[in-house]
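Novice: here is the input, now give the coordinates:
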Amino acid sequence: MEMQTDGAILFPSRFTTTTIGLLQPIVTELNKVIRAEVTIAQFIEGAFTYIKEAEKDNWTSSQKAEANAETNAIHLAIRKDLDMLHGSLTGRLNGITASTNVILETVEKTLKATEDLKGGTNDLICRVGNVTSVADKIASTTQSYRDVLVARQAPSHKNNVDPKVLGDMERKAKQILINTFDEEGTNTLEKSQLELVDKANEVISKLTDASKPEKARVDSAIKTKKGAILLTLNSKEAAAWIREPEIEMAFADSFAKGAHIRDREYSLVLPSVPLTFEPDNETHLREVEEVNSLPYRAIRKARWIKPVGRRRPEQTRAFAILTVSSVDTANKLIKDGIAICSNIIRPTKQKQEPVQCMKCRRWGHFAANCPDAEDTCGTCGGKHRTSNCDRKDKLHCVSCGDNSHASWDRACPEFIKRCALLDERNPLNGMPFFPTDQDWTLVSRPSRIPLEERFPATFAVNSLPYTAAKPAGAAPQRKMAAKRATKAPRENPNWIPLPSKNNNNNNPAPKEAGELTEQEGEPSWAREPTPKEPFQFLNNFDKNGVPTQHHKEC
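Specialist: Below is the predicted model of the structure:
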């Protein structure tokens, strides 16, 4: 201990240090009491404060120790759980990794297969493209059965048609016929042909239309006997342009007020038309158009060839002339026929025939230009009109001087001779159709092909040989058919007796002017003889299809 000599009582220091860390602050304070630095009350108060704080710290330390123990226990539990969770997650991740590896391997295989498939797809696309191009080529080059048949047909028949027919077609395609009705039209007819041509060209030059052909003009004009004007243009295109509805009206009104362009008409001969048909009835004509699917007002008019007053009492059918406005309609009716009063009629083209004067009954002129002063009867040859003849039993032909037939008889040798001469000069008479740009209208119908040429033995089916032996049941069937044919027909209250034919040798009925026989009303191709027994030529072949004899009969 040290001694202090600071004018005061010296007290040696009793405590310096202690090994107990908790008591060190108390020792320090006691030393201060000994040195009189603090009072005992302060010491006691400080000691109690320190003890309280120490106890508090001690309690806090114990709490911390307990908390640390609990924390350690919780830490151990959490660590154990984390170890378990780690093991579980590690196992699951290992499983996922394995699955992922498998998936990756599968994906690699899939990608490889996809690449192979892509290559195969490209190859397939290339092949499909080749097939498509080949199919398109086949589709573009392959023809239908009808096209093949049409392509294999003979070349255009225009090369074999008479040049007169082609020239007539070309000329008619360039013509237009103008009818005039009023006073101005009469004044127009009084003009010369050159003036008519100049006026028509003047009208054409004033017409403005986008479809107007270049250099369209009228080359010639002809006045007809019936007061019409026939204009011939320089091209078919110009004539077709003027026939357009708007251009037609403008041209006709400018050419002559009240004039109009008339369409060309085509006449057909209708054989065996029922008398229930009324040619003068407009309703009947429109009904015929409707039944035959013809355009409206395609039929212009119809008339009977023989006057109604000259019919026989028992007559039920007669010949008529039908006039249509379209050449296509006329050819269609000739080819397919026409239905009138539930009867299919096969019309023929009205041919040009020799001109016979109805006054003197001679040839080459009309009654208006006849030089004779008196009429000559076409039946008996007397000096009176044919309609006033009361001697039906006497026949005389003025042309050939024969008393076996009348002057109007179509079987007259002179009439037949003149028809043959006219047919030579007019090739249109030998054509069954009105010629058009359609190739099938330029030739006549082919003659019938013999059956042996149509069905040659070289193409016969060997597995089905034809034998001439009759079937076992053929005789009874023929007997039954003959019995049915000889059986009297049942009475029909609506039955109408048909007139006897003109070729009856026992009592031939005389023909009158304009009357055609049933055979003459049929086309020539339909009047050709037919074989009595079809396929008769097959009887001349043995079982093996070898001909047994040569023959030309059919």
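
Novice: show me the contacts for residue 396.
Specialist: Going by Cβ atoms under 8 Å, 6 or more residues apart in numbering, residue 396 touches 379, 380, 381, 402, 403, 406, 407. Any C-beta I mention is one placed from the backbone N, CA and C, and that applies to glycine too.

Novice: name the nearest residue to the fifth one, sequence neighbours excluded.
Specialist: Counting by Cβ to Cβ, 6 or more residues apart in numbering, residue 396 is the residue found nearest to residue 403 once chain neighbours are left out, at 5.3 Å.

Novice: does the one you found sit in a helix, a strand or a coil?
Specialist: Following DSSP: H, G, I helix; E, B strand; the rest coil, residue 396 is assigned to coil.

Novice: buried subset of the contacts of residue 396 as a ChimeraX selection?
Specialist: Burial among these is assessed by 16 or more other Cβ atoms under 10 Å; the matching ChimeraX selection reads:
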select :379,380,381,402,406,407
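
Novice: looking at the contacts of residue 396, spot the one nearest residue 179.
Specialist: residue 407 (34.6 Å; Cβ to Cβ).

Novice: for residue 375, see how far away the residue nearest to residue 403 is.
Specialist: Separation of residue 396 from residue 375 (Cβ to Cβ, to the nearest Å) stands at 14 Å.

Novice: on the three-state scheme, residue 107 is what?
Specialist: Applying three-state DSSP: residue 107 is helix.

Novice: could you report the neighbour count for it?
Specialist: Residues near residue 107, counting by other Cβ atoms under 10 Å, number 12.

Novice: could you check how far it is from residue 113?
Specialist: From residue 107 over to residue 113 the distance is 10 Å, taken as Cβ to Cβ.

Novice: residue 229 too?
Specialist: 88 Å.

Novice: higher neighbour count, these two?
Specialist: residue 229 (23 against 10).

Novice: pretty sure the more buried one contacts residue 190?
Specialist: No - counting by Cβ atoms under 8 Å, residue 229 sits too far from residue 190 to count as a contact (11.5 Å).

Novice: for the chain, which spans come out with low pLDDT?
Specialist: Applying pLDDT under 70 to the chain flags the ranges 1-22, 142-157, 182-186, 444-554.

Novice: where exactly do the strands run in it?
Specialist: Secondary structure of the chain (DSSP state E): strands at 175-179, 218-223, 228-233, 260-262, 266-274, 299-304, 317-324, 338-340, 343-345, 348-349.

Novice: next, the angle from the first one to strand 228-233.
Specialist: Think strand 175-179. Here strand 175-179 points in a direction 150 degrees away from that of strand 228-233 (axes from the mean of the first three to the mean of the last three Cα atoms, to 10 degrees).

Novice: can you list the strands that strand 175-179 pairs with?
Specialist: Applying DSSP bridges, strand 175-179 is found paired with strand 228-233 (antiparallel), strand 260-262 (antiparallel).

Novice: what do you get for the longest one?
Specialist: According to DSSP bridges, strand 266-274 has the following sheet partners: strand 317-324 (antiparallel), strand 348-349 (antiparallel).

Novice: most tightly packed of those?
Specialist: Mean neighbour count (mean count of other Cβ atoms under 10 Å) peaks for strand 317-324 among these, with a mean of 20.

Novice: pull the CA atoms of that one into CSV?
Specialist: Taking C-alpha atoms only, strand 317-324 is exported to CSV below (Å, rounded to 0.1, in the frame of the first residue of the first chain):
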residue,chain,number,x,y,z
ARG,A,317,-104.1,-33.9,-141.9
ALA,A,318,-102.6,-31.5,-144.5
PHE,A,319,-99.3,-29.9,-145.5
ALA,A,320,-98.4,-26.5,-144.1
ILE,A,321,-95.7,-23.9,-144.5
LEU,A,322,-94.1,-22.5,-141.4
THR,A,323,-92.1,-19.3,-141.5
VAL,A,324,-89.5,-18.6,-138.8
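
Novice: from the rest of the structure, what touches it?
Specialist: Around strand 317-324, the neighbours that count as contacts under Cβ under 8 Å, 6+ apart are 265-275, 277, 279, 294, 298-306, 311, 330, 333, 338, 347, 350, 498, 514-516, 521.

Novice: all helices for the stretch 301-450 of the chain, in order.
Specialist: Assigned by DSSP state H, counting those that start in this stretch, the stretch 301-450 of the chain shows helices spanning 327-336, 413-425.

Novice: please apply the same query to the stretch 1-150 of the chain.
Specialist: For the stretch 1-150 of the chain, the helices defined by DSSP H, counting those that start in this stretch occupy 24-34, 40-141, 145-151.

Novice: same deal with the stretch 151-300 of the chain?
Specialist: Along the stretch 151-300 of the chain, the segments classed as helices by DSSP H, counting those that start in this stretch run 163-173, 183-189, 193-206, 236-242, 245-255, 282-291.

Novice: return the most buried member of these.
Specialist: Compared across these, helix 236-242 shows the largest average neighbour count, a mean of 19 (mean count of other Cβ under 10 Å).

Novice: mind giving me the packing neighbours of that helix?
Specialist: Helix 236-242 makes packing contacts with helix 163-173, strand 175-179, helix 245-255 when contacts are defined by 3 or more Cβ pairs under 8 Å, 6 or more residues apart in numbering; DSSP states H and E.

Novice: okay, the ones you listed in JSON lines with distance to residue 424 next?
Specialist: Output for these, formatted as JSON lines (distance: least, Cβ to Cβ, whole Å):
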{"stretch": "helix 163-173", "distance to residue 424": "11"}
{"stretch": "strand 175-179", "distance to residue 424": "25"}
{"stretch": "helix 245-255", "distance to residue 424": "38"}
